[in-house]
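>>> Fold the following and give me the result.
(2 chains)
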Amino acid sequence: MKKFYVTTAIPYVNARPHIGHALEFVQADVIARFHRLKGEEVLLLSGSDENALKNVQAAEKAGVPVQKFIDENAKLFQQLAGALFVQLDVFQKGSSKAHHISSQKLWDLCEKAGDIYKKEYEGLYCVGCETFYTPDELNENGECFEHPGKKLEKVSEENYFFKLSRYQSQLVELIEKGELRIVPAERKNEVFAFLKQPLEDISISRSNERAKNWGVPVPGDESQRMYVWFDALNIYQSGIGFGSDPSADEAGDAKYKKWWPADVHVIGKGIIRFHAVYWPAFLLSAGLPLPKTLFVHGYVTADGKKMSKSLGNVVDPFELVDKYGVDAVRYFLLREIPSAGDGDFSYEKFETRYNADLAGGLGNLVARVLTLVDKINPKFEARNPKQIQNKKLQEILNGTRQKVNDAFEEFRFNDALIAIWEIIHFCDKYIDDKKPWVESLEQKEVIGDLLLAITEIGELIKPFLPETASKIQKQIQEHKSEALFPRIA
RNA sequence: CGCGGGGUAGUGGAGUAGUACCAUGCGAGGCCCAUAACCUUGUGACGCCGGUGCAAAUCCGGCCCCCGCAACCA
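Reported below is the predicted structural model:
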């Protein structure tokens, strides 16, 4: 059986999840479900980046021990997945022992390859943020935006560096040849543009002091912790057993061999460099296979503005699910937000989509067909879409399957849904044309066709709207229609 | 002249030279099986200026505006 390994990005858990995290979860889940339905063996992994200094700072601010703080937040992310019907097979925590061991193994491999060396790092350090900044990240006075008026200090310390420069041409070639595929093409171009400039080696550790004794210890050097991106990316591997000792944990080792490399990493546009440049470079250095595809999605704004706590416009996905139901939220995210671009959320847009597509479109069609079946042709059983008599309808259904498959090649979920909704529009029109509630010779045949069509729609929406798909199936079996999506007044 | 992406009806998208498409919104009509649903029809757009072409949203040049870009960010 073909295997398919898909991951979400690894959020750092210094705050509650927002609707952007929901978008990524849902997209990854749709991919996973689609491949599962094709009969492949699928693993969907998510996890939490728990070693970031931001987490430590946020915990301090909240007055909670770090471990407790991140455990609680990580749990919220897992709950969000559950609330959205996102079936995670693995949720790998960055603070887990297995992850630490795994990341140290990756480090060892890179070190053996001769790609890790010690160097003095000097940078501008903001004491308020406890972070280094580069000059172009600062305002015109050379101060950071969080703490205007505060001068930055020049701080230097010895860190470990990774020889990123060594992999430049190899990366260009891999991406060019599509061995590391980047979707959409605009993002690929962006990466190329970046790779045209000479790459600098990157710092991959920091002092214990600056790391506040948090994070993965550097093997063989007690005074240093890994810089968070070095270990965070490795969650994709540690979560499936990379670093397991084959003699002690045969199953873990076998698991890794079975699933790695990842077939798709689903990520946000903000972290493309880490995934398209650093991550493959680490893997090349360690002599490990590279992920096959990066799918890069955009960001969700709220009412046209970037979500932020200070603006108070952060959209809580839990609230949305409570209010409108799982599939309504999934539908909005997949249909309204162009899958590779930015999109906007507002309650107005949400309710418009809901009423037009879900209540008036899908829900209403299922209701009207089932009522017609019940009244006119109650004995008809929908078995096989090939039973369909109307040629045009048959053609549209076949064409839609093809369109959905094509759209999935490039993760264009919105296009896939548009294609499915074309069937709905066709059926509504077909009903109006044929008037099957009026007695006629072809009356029963028409209704039979319609029943087969909504059965097929139920099949097609399975990866996107799993709850609704099973509701439709059930209603067809029981000949009972109940509003799938009650209209919002 | 830092690099990259982008500006198509009120809104969200599609469209890499040949009557500008889809959805939603708003107006009118129709239907009555259905969730005030559904169907038909009208309304309404290619940022600006110039160039190449028989023909440009699409190619070229200039300008304006928006968004992102190395160590936090889905």
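>>> any idea how far RNA strand B is from residue A:229?
Residue A:229 sits 6 Å away from RNA strand B, going by C-beta to the nearest atom of the strand, to the nearest Å. Heads up, the C-betas are built off the backbone N, CA and C, glycines and all.
>>> residues in contact with the residue of the stretch 1-150 of chain A found nearest RNA strand B?
For the stretch 1-150 of chain A and RNA strand B, the shortest gap (C-beta to the nearest atom of the strand) falls at residue A:20, measuring 2.3 Å. Residue A:20 makes contact with A:268, A:299, A:300, A:307, according to C-beta atoms under 8 Å, 6 or more residues apart in numbering.
>>> out of these, which touch RNA strand B?
Among those, the ones lying near RNA strand B by C-beta under 7 Å from any atom of the strand are A:268, A:299, A:300, A:307.
>>> Next one: the closest residue to residue A:60 other than its chain neighbours, what pLDDT does it get?
Spatially, and ignoring its direct neighbours in sequence, residue A:60 is nearest to residue A:66 (8.0 Å; C-beta to C-beta, 6 or more residues apart in numbering). pLDDT, residue A:66: 86.
>>> since we're on residue A:66, how many residues are nearby?
19 (other C-beta atoms under 10 Å).
>>> And residue A:213, by the same measure?
Considering only other C-beta under 10 Å, residue A:213 is surrounded by 12 other residues.
>>> what do you get for residue A:184?
18.
>>> List the contacts of the nearest residue to it once chain neighbours are set aside.
Excluding its sequence neighbours, the residue lying closest to residue A:184 (C-beta to C-beta, 6+ apart) is residue A:340, at 4.2 Å. For residue A:340, the contact set (C-beta under 8 Å, 6+ apart) comprises A:183, A:184, A:186, A:187, A:295, A:296, A:297, A:298, A:410, A:411, A:412.
>>> Alpha carbons of the helix or strand the fifth one falls within, as PDB, please.
In this case it means residue A:295. Here residue A:295, judged by DSSP states H and E, is contained in strand A:293-297. Presented in PDB, the C-alpha positions along strand A:293-297 are these (Å, rounded to 0.1, in the frame of the first residue of the first chain):
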ATOM      1  CA  THR A 293       6.600  18.900  -1.400                       C
ATOM      2  CA  LEU A 294       6.100  22.200   0.400                       C
ATOM      3  CA  PHE A 295       2.600  23.600   0.200                       C
ATOM      4  CA  VAL A 296       2.700  27.200   1.300                       C
ATOM      5  CA  HIS A 297      -0.600  28.900   2.200                       C
END
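>>> Including pLDDT, could the contacts of residue A:20 go into TSV?
Below are these laid out as TSV (pLDDT from 0 to 100):
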residue	pLDDT
A:268	86
A:299	82
A:300	83
A:307	70
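>>> Reformat those as TSV; add secondary structure and distance to residue A:88.
Below are the contacts of residue A:20 laid out as TSV (DSSP: H, G, I helix; E, B strand; the rest coil; distance: C-beta to C-beta, whole Å):
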residue	secondary structure	distance to residue A:88
A:268	strand	18
A:299	coil	22
A:300	strand	21
A:307	coil	24
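>>> sorry, back to before: flag every buried residue along whichever strand or helix holds the residue of the stretch 1-150 of chain A closest to RNA strand B.
If you go by DSSP H and E, residue A:20 is part of helix A:19-37. Buried residues in helix A:19-37, defined by neighbour count with 16 or more other C-beta atoms under 10 Å: A:19-36.
>>> which strands and helices sit next to the helix or strand encompassing residue A:159?
Here residue A:159 sits within strand A:153-162, counting by DSSP H and E. On a contact count with 3 or more C-beta pairs under 8 Å, 6 or more residues apart in numbering; DSSP states H and E, strand A:153-162 meets strand A:116-126, strand A:202-203, strand A:205-207, strand A:221-226, helix A:279-286.
>>> So for residue A:480, which of these sits nearest?
Nearest to residue A:480 among the helices and strands packed on strand A:153-162 is helix A:279-286 (50.7 Å), distances taken as C-beta to C-beta.
>>> anything in the closest one sitting right up against RNA strand B?
No. Between helix A:279-286 and RNA strand B, judged by C-beta under 7 Å from any atom of the strand, nothing touches; the nearest distance is 10.8 Å.
>>> and the direction of that helix versus that of strand A:153-162, what angle?
Inter-element angle recorded for helix A:279-286 and strand A:153-162: 50 degrees (by axes from the mean of the first three to the mean of the last three C-alpha atoms, to 10 degrees).
>>> CA atoms only for helix A:279-286, dumped as PDB, please.
The C-alpha trace of helix A:279-286 is given here as PDB (Å, rounded to 0.1, in the frame of the first residue of the first chain):
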ATOM      1  CA  TRP A 279      15.500  22.300   6.600                       C
ATOM      2  CA  PRO A 280      16.700  20.700   3.400                       C
ATOM      3  CA  ALA A 281      20.200  21.800   4.100                       C
ATOM      4  CA  PHE A 282      20.200  20.200   7.500                       C
ATOM      5  CA  LEU A 283      18.900  17.000   5.900                       C
ATOM      6  CA  LEU A 284      21.400  17.000   3.100                       C
ATOM      7  CA  SER A 285      24.100  17.500   5.600                       C
ATOM      8  CA  ALA A 286      22.800  14.600   7.700                       C
END
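>>> Can you give the contact residues for that helix?
Taking C-beta under 8 Å, 6+ apart as the rule, helix A:279-286 contacts A:106, A:109-110, A:113, A:115, A:162-164, A:166-167, A:170-171, A:174, A:180, A:230, A:233-234, A:289-291.
>>> which of the residues you listed count as buried?
Of the contacts of helix A:279-286, these count as buried by 16+ other C-beta under 10 Å: A:106, A:109-110, A:115, A:162-164, A:166-167, A:171, A:174, A:180, A:230, A:233-234, A:290-291.
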